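Novice: show me the folded form of this:
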Amino acid sequence: MARLASPTCEHAVAKWQEAIALARNTSVILTYHKHPHVVLMVADDLGFEAYGLWGNTLVDARSSHLSTPTAMPALDRLAREGTRFTHAYQAAPWCSPSRTALMTGRNPERIYAAKHSSATHVDAPFTAPTVTSMLALAGYATAHLGKWHIAGSQIKAETHMQYGLQLVLTQSKQTACVEAHLHKPNRPERTNGAKIDSIFRIALAYLEAVHLHRPAYINLWPRTPHDPVFFCKSSEPLLRRPPINETWHPGELSDAFLSARLVVAARLMGIDTRQATQIYLGAVRGLDASVSHLLDGLDALHLSNKTITVFTSDHGPAFPSWSAFSPYNMGSTGGLRGGKNSVYEGGMRVPFIIRWPGRVPAGRTAGRDEVVTGVDWLPTLRHACSLATRGATAWCDSEPLPCEDGENVLQLWRGRGRVKRV
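Specialist: Now for the predicted structure:
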């Protein structure tokens, strides 16, 4: 508990207490049938087939064979209990613009130039309304936990409420302090040998604290498997060696582009591809364990049937490198061309699984013509949470251009009909 004495800890705990007090101050009469809880999980640099190709296997360090064929049980469970969209796309192959599109329902070019570095040069906050400001206006408790990377690398305290966010914890030091305050220290809690990300525990604590008073919306944005998070947490440093002629391959791969990257990594960069793959899969496995912790927690709180639970990624996987990116980047696009920083399918296409019991069909895989995008999140959630008549779109009246670039794809979520895109 000594860490609570630091200014960082005091500030983080104060933010937590203020957010809970605000949510409990006045109970909002909103029914769960029309106003469900929402948890949006956005992985960082996770490829389209990360949980279908690599994520379902673990590498045996002593051989070139694969073992443990069900290494992603949480995502498998989420797909069984919900709908998996195979043609989901983000608005950009970089972190900042793709996340901006999710938050605003607008193409990122209308907020700032669609470049990774441009966000740091934008005056924050931007004036476009966000999904969280819309929901906060309607009475939701709102929180953002994990990576931010919109309009700057860190969100400023004075902009929280303008974005409609009542609780914001973006740094690991902050989450550790809040965990200690809640008597849930950052202990080595593990599922199948993988450590649970602290933001998932805090998300459950937030839901437990506010759900009897008002519905909640949570951005749950882990930094996995983006480097250098798993690089820093690795128990063994990656061995760099002179370029070699032989490349380790984990059995038969359907992803030709990943196979080619393994060859380049080993022969041109001297990367130990077997060790790098082990570390990468360990990070993704930890992400799955954290999702499992969340799903089990929702069950324990009896909130699973009252919550829209979504898992996606901000864009495609990064490539292995010793310079601009980490040598651990061994993500797969499932054979799609390109990856992070590329506008080919591999850079823009992402996993998207949604569970909403009773509204979204369970065990369904959407068809090729059922396309959803990041800019659809805000307009769809506005209808899913029945906010269209609660003044949430009043700001559109003064807009010279359409205030949303996305479409309402609620019918696709429900497995009915099609969406006409302009």
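
Novice: what segments of the stretch 301-422 of the chain are helices?
Specialist: For the stretch 301-422 of the chain, the helices defined by DSSP state H, counting those that start in this stretch occupy 345-348, 377-384, 410-413.

Novice: Asn219 is nearest to which of the ones you listed?
Specialist: With distances scored as Cβ to Cβ, the stretch of these nearest to Asn219 is helix 377-384 (10.8 Å). C-beta here means a position set from N, CA and C on the backbone, and glycine is covered the same way.

Novice: average pLDDT across the helix of greatest length in the chain?
Specialist: Criterion DSSP state H: the longest helix present in the chain is helix 273-300. For helix 273-300, the mean per-residue pLDDT is 86.

Novice: distance check, Ser6 against Cys177.
Specialist: 8 Å (Cβ to Cβ, to the nearest Å).

Novice: er, Gly297 actually
Specialist: Taking Cβ to Cβ, one finds Gly297 at 20 Å from Cys177.

Novice: between these two, who's got more neighbours?
Specialist: Cys177 (25 against 18; other Cβ atoms under 10 Å).

Novice: SS state for the more buried one?
Specialist: helix (DSSP: H, G, I helix; E, B strand; the rest coil).

Novice: tell me the confidence at it?
Specialist: 89.

Novice: quick one: it from Gln171, how far?
Specialist: Distance from Cys177 to Gln171, by Cβ to Cβ: 10 Å.

Novice: common neighbours of the two, please.
Specialist: Common neighbours of Cys177 and Gln171 (criterion: Cβ atoms under 8 Å, 6 or more residues apart in numbering): Thr8.

Novice: residues near Leu381, how many?
Specialist: 22.

Novice: pull the helix or strand with minimum mean pLDDT from the protein.
Specialist: When the helices and strands of the chain are compared on mean pLDDT, DSSP states H and E, strand 58-59 comes out lowest with a mean of 37.

Novice: and Arg359, what does it touch?
Specialist: Taking Cβ under 8 Å, 6+ apart as the criterion, Arg359 is in contact with Ala384, Trp413, Arg414.

Novice: can you redo those as a markdown table with distance to Asp314, neighbour count and pLDDT?
Specialist: Below are these laid out as a markdown table (distance: Cβ to Cβ, whole Å; neighbours: other Cβ atoms under 10 Å; pLDDT from 0 to 100):
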| residue | distance to Asp314 | neighbour count | pLDDT |
| --- | --- | --- | --- |
| Ala384 | 21 | 22 | 91 |
| Trp413 | 20 | 25 | 96 |
| Arg414 | 25 | 15 | 95 |
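
Novice: nearest to Thr224, out of those residues: which one, please.
Specialist: Trp413 (25.7 Å).

Novice: per-residue confidence for the residue nearest to that closest one when sequence neighbours are not counted?
Specialist: Using Cβ to Cβ, 6 or more residues apart in numbering and skipping the chain neighbours, the partner closest in space to Trp413 is Val360 (5.3 Å). The per-residue pLDDT reported for Val360 equals 97.

Novice: I'd say Val360 and Ile354 touch.
Specialist: Yes: if you go by Cβ atoms under 8 Å, Val360 and Ile354 touch, sitting 5.5 Å apart.

Novice: ok, Leu212 - how many residues close by?
Specialist: 9.

Novice: any idea how far Leu301 is from it?
Specialist: From Leu212 to Leu301 the distance is 10 Å (Cβ to Cβ).

Novice: repeat that for Thr100.
Specialist: 31 Å.

Novice: the more surrounded of these two?
Specialist: Thr100 (28 against 15).

Novice: C-terminal to the helix or strand encompassing Leu145, what's the next element?
Specialist: Assigned by DSSP states H and E, Leu145 belongs to strand 141-146. Under the assignment DSSP H and E, the closest C-terminal helix or strand after strand 141-146 is strand 167-169.

Novice: ok, that following strand: who's next to it in the sheet?
Specialist: Using DSSP bridges, strand 167-169 pairs in its sheet with strand 141-146 (parallel).

Novice: gap between the partner strand and the chain center?
Specialist: Distance of strand 141-146 from its chain centroid, counting by Cα atoms, centre = their mean, to the nearest Å, is 12 Å.

Novice: for stretch 195-213, same thing?
Specialist: Counting by Cα atoms, centre = their mean, stretch 195-213 comes out at 16 Å from the chain centroid.

Novice: could you do stretch 137-152 as well?
Specialist: That offset, for stretch 137-152, works out to 12 Å (Cα atoms, centre = their mean).

Novice: please identify the buried residues of that stretch?
Specialist: Across stretch 137-152, burial judged by 16 or more other Cβ atoms under 10 Å covers 137-152.

Novice: contacts only, for the closest residue to Val343 other than its chain neighbours.
Specialist: If the residues on either side of it in the chain are set aside, Val343 comes closest to Pro93, at 6.0 Å by Cβ to Cβ, 6+ apart. By Cβ under 8 Å, 6+ apart, Pro93 lies in contact with His315, Gly316, Gly338, Gly339, Lys340, Asn341, Ser342, Val343, Gly347, Met348.

Novice: wait, the fifth one sits on Asp44?
Specialist: This points to Lys340. No: the criterion here is Cβ under 8 Å, and Lys340 misses it with Asp44 at 10.1 Å.

Novice: so where do the strands sit in this protein?
Specialist: With DSSP state E as the criterion, the chain has strands at 37-43, 58-59, 66-67, 83-89, 141-146, 167-169, 190-191, 194-195, 216-221, 307-313, 349-355, 364-365, 372-373.
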